[in-house]
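>>> missing the sequence, but the structure's below:
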């Protein structure tokens, strides 16, 4: 039994025996966690800390967060004694002290004193987000302004883009649950977010105010170019709703399933064409990707056009990134973790495939449609949109998590080092 297994199983005797033989306290498992980060017993946590386990780690949370969340006050005190950082934020943007129950607390005051001593604040400030990790980005129509998300969407940042990019406002939009988005349009006034149970809408002109669509399902979102329709993809389903009312106006339930197998798993990801008359849906199921293209008829219903299947089943899955070229003639998908795949929209014929290894991927065309930017964990790859051939690389901004383009401000990248403008 290795140390991770012994800690996870709560076997204190095995942990002591392994520590006595010099088991590595800083080793990580497949999820990148140290033994202390998988401890669920305070006695075992104390054993590991006393033996010299690292108290500052690089995961989505920290040992101090976990101790506070579990109510292990003495373990949290030990961690602070050994240099744990009370200013670190977890995946939802919370400090350790934010996870304490409300009311007076000696532990909270100790962490607050440590922050004050080092000149730090418990509030997230504009200086903190300027070079912080931005996860998604949307550009406000006709204005030099953008909106990004941090900490799984629980924090929104409003940016001005001229004369230079800088954050203007920080908004705490959620608590300890993921909020996916923002999903905007070319001309519309709304941006949409997908919460765990409902879709949330905000007006660009009043971004602090939100209202939910309680009768609409949640899932992967796509706004039509004019902002009048919102497509929602989920587990083997697709619906189109009116974002003003939340009423369902069309869906895959209208289609004849006699000659159509339907949609895939939770990665069902829709995207409207530039003219708003076609929807491309990135699908996957059990390790196999496929593309579904649907037409929107004159009376607002859906009609199935074709599916393009993975020629090698069980090889890879759609990650959720899918885009039309500006002229609508190509659909490109990021297929995790191996390639960018381009399809001719009208016929479903393969256009090109570009092999690219990355744990994540985002896609965005330049305004003239000649170049495709592919954001990866190491930067941006620029591809010829017609052939898929490489045109160059940009690696100065760190990991690129999302890309967006608008004619009035160019291409923006949400990265691990802030929000940046790409020149291409």
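Sure, I can see it. The model shown is predicted, which means the values in this text are computed figures rather than measured ones.

>>> how far away is the spatially most central residue of the chain from residue 129?
The residue lying closest to the centre of the chain (CA atoms, centre = their mean) is residue 135, at 5.6 Å. Distance of residue 135 to residue 129, computed by CB to CB, to the nearest Å: 12 Å. All C-beta atoms are positioned from the backbone trio N, CA, C, and that covers glycine.

>>> shared neighbours, those two?
By the contact definition CB atoms under 8 Å, 6 or more residues apart in numbering, residue 135 and residue 129 are jointly contacted by residue 150.

>>> my guess is residue 160 meets residue 168, correct?
Yes. Shown here, residue 160 and residue 168 form a contact pair, counting by CB atoms under 8 Å, at 5.4 Å.

>>> can you list the low-confidence ranges for this structure?
1, 313-320, 424 (pLDDT under 70).

>>> mind giving me the domain split of it?
Using automatic domain parsing, the domain parsing of the chain gives 3-117, 126-422.

>>> list phi and psi for residue 43.
Backbone torsions of residue 43, given as degrees, to the nearest 10, read phi -60, psi -40.

>>> that one and residue 11, how far apart?
Counting by CB to CB, the gap from residue 43 to residue 11 is 11 Å.

>>> neighbour-wise, which of the two wins?
The neighbour comparison of residue 43 against residue 11 (other CB atoms under 10 Å) goes to residue 11, with 16 against 12.

>>> quick one: the more buried one from residue 49, how far?
18 Å.

>>> ok, residue 233 next?
45 Å.

>>> looking at the two, which is more packed in?
Neighbour tally, residue 233 and residue 49, criterion other CB under 10 Å: the higher count belongs to residue 233, 28 against 22.

>>> what helix or strand is the more buried one located in?
In this assignment (DSSP states H and E), residue 233 forms part of strand 230-234.

>>> parallel or antiparallel, list what pairs with that strand.
strand 220-223 (antiparallel), strand 237-241 (antiparallel) (DSSP bridges).

>>> can I get those strands in TSV with distance to residue 103 and mean neighbour count?
Shown next, in TSV, are the strands paired with strand 230-234 (distance: least, CB to CB, whole Å; neighbours: other CB atoms under 10 Å):
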stretch	distance to residue 103	mean neighbour count
strand 220-223	39	23
strand 237-241	42	22
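
>>> TSV for the ones you listed, including distance to residue 173?
Formatted as TSV, the strands paired with strand 230-234 follow (distance: least, CB to CB, whole Å):
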stretch	distance to residue 173
strand 220-223	15
strand 237-241	21
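
>>> of those strands, which is nearest residue 106?
strand 220-223 (44.4 Å; CB to CB).

>>> and stretch 266-281, how far from the chain's centre?
19 Å (CA atoms, centre = their mean, to the nearest Å).

>>> mind listing what's buried along it?
267-274, 276, 278-281 (16 or more other CB atoms under 10 Å).

>>> any idea how far residue 335 is from residue 59?
Here residue 59 is placed at a distance of 27 Å from residue 335 (CB to CB).

>>> what about those two, which has more around it?
For residue 59 versus residue 335, neighbours defined as other CB under 10 Å are more numerous around residue 335 (22 against 16).

>>> just checking, residue 375 touches residue 361?
Yes. Look at residue 375 against residue 361 with CB under 8 Å: they come within range, at 6.6 Å.

>>> higher neighbour count, the two?
residue 375 (27 against 24).

>>> distance of the more buried one relative to residue 220?
18 Å.

>>> please apply the same query to residue 414.
On the measure of CB to CB, residue 414 and residue 220 end up 17 Å apart.

>>> try residue 196
In terms of CB to CB, residue 196 sits 14 Å off from residue 220.

>>> hey, where'd the helices end up in the protein?
3-9, 12-20, 42-50, 63-70, 73-81, 106-117, 126-130 (DSSP state H).

>>> return the most buried member of these.
The highest mean neighbour count among the helices of the chain, using mean count of other CB atoms under 10 Å, belongs to helix 63-70: a mean of 24.

>>> quick one: contacts of that one?
36-37, 39-40, 42, 45, 49, 53, 55, 57, 73, 75-76, 79-80, 84-86, 88, 90, 94, 96-97, 99-100, 107.

>>> cutoff 7 Å now
Contacts to helix 63-70, defined as CB atoms under 7 Å, 6 or more residues apart in numbering, come from residues 36-37, 45, 55, 57, 75-76, 79, 84, 86, 90, 96, 99-100.

>>> returning to what we had before: residues contacting the residue nearest to the centre of the chain?
Under the criterion of CB under 7 Å, 6+ apart, the neighbours of residue 135 are 149-150, 401-402, 414.

>>> and those residues, which is closest to residue 369?
residue 402 (19.7 Å).

>>> in the sheet, who's paired with that closest one?
Counting by DSSP bridges, residue 402 is bridged to residue 414.

>>> try residue 221
Assigned bridge partners for residue 221, using DSSP bridges, are residue 232.

>>> from residue 161, how far out is it?
Separation of residue 221 from residue 161 (CB to CB): 23 Å.

>>> same thing with residue 115?
32 Å.

>>> re the thing from before, tell me which two of the contacts of residue 135 sit farthest apart.
By the measure CB to CB, 150 and 402 form the most distant pair in the contacts of residue 135, at 11.7 Å.

>>> report the contact partners of residue 179.
Here residue 179 is in contact with 153-154, 173, 193, 195, 200 (CB under 7 Å, 6+ apart).

>>> what would those look like in JSON lines with distance to residue 328?
Output for these, formatted as JSON lines (distance: CB to CB, whole Å):
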{"residue": "153", "distance to residue 328": "29"}
{"residue": "154", "distance to residue 328": "35"}
{"residue": "173", "distance to residue 328": "33"}
{"residue": "193", "distance to residue 328": "26"}
{"residue": "195", "distance to residue 328": "31"}
{"residue": "200", "distance to residue 328": "29"}
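
>>> distance to residue 23 and neighbour count added to the residues you listed, as TSV?
Below are the contacts of residue 179 laid out as TSV (distance: CB to CB, whole Å; neighbours: other CB atoms under 10 Å):
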residue	distance to residue 23	neighbour count
153	38	23
154	36	20
173	42	22
193	44	25
195	42	18
200	46	21
